[in-house]
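In: make a model of this:
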Amino acid sequence: MASSRLERIGTILTRVEGLMKHGGIKPDDRPLWFDVYRAFPPITEPKFARPKPEIKPIRQILYKEDIIRAEFHSMGHGTGAVNMLIPGGETQTKRLLHQYEKLKSEGVPEEELIQKSAAIVESDRQEAIAARSSKIVAKNPESATAKVLAEADLKNIFEEK
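Out: Numbering: from 1, shown residues only. Take a look at the predicted model:
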């Protein structure tokens, strides 16, 4: 079978049809794709001897925001975690673009836009982190878990006392 050239004769559809016609495959055991293939045949028949398609160069698609994003990420910003469970949650990059447009409309010079936008987004992120950490409040402040959480210092968690 190693020297078989049968894959060059016909298409996969004609071979499966032949197997079904001659009893090699029962109609109930036909592949899942068979009915879909018959209902929606390809525009170009997938034959082995088909000539190779013309290779066209891929056109670059760049938006104005892509340049801003590239500069922002090259400065080391925008790599924060994103909670995918929150629909409509904004990434740092999206917040930067909003700040960038806002500052640009206010007339901030072009060379300072990225730095100022990044600084604003970073300060907003720090405030959000501080607000989230201060929101951790136990339901029962006298429980053992609440006492442990109150004494927990995550920055120095691995230091011995």
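In: buried ones in the longest helix anywhere in the chain, by neighbour count?
Out: When the chain is parsed with DSSP state H, its longest helix is helix 110-134. Residues of helix 110-134 classed as buried: 113-114, 117-118, 120-121 (neighbour count, 16 or more other Cβ atoms under 10 Å). Using the backbone N, CA and C atoms, a C-beta is placed for each residue, glycine as well.
In: out of the residues you listed, who's nearest residue 57?
Out: Using Cβ to Cβ, residue 114 comes nearest to residue 57 of those, at 31.1 Å.
In: return the distance of the strand or helix carrying residue 99 from the chain's centre.
Out: Assigning secondary structure by DSSP states H and E places residue 99 in helix 92-106. Chain-centre distance of helix 92-106: 22 Å, with Cα atoms, centre = their mean, to the nearest Å.
In: got the angle for it vs helix 110-134?
Out: 130 degrees (axes from the mean of the first three to the mean of the last three Cα atoms, to 10 degrees).
In: can I get the buried residues of helix 110-134 in CSV with pLDDT and distance to residue 35?
Out: Below are those laid out as CSV (pLDDT from 0 to 100; distance: Cβ to Cβ, whole Å):
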residue, pLDDT, distance to residue 35
113, 85, 57
114, 82, 55
117, 86, 54
118, 84, 55
120, 87, 57
121, 83, 52
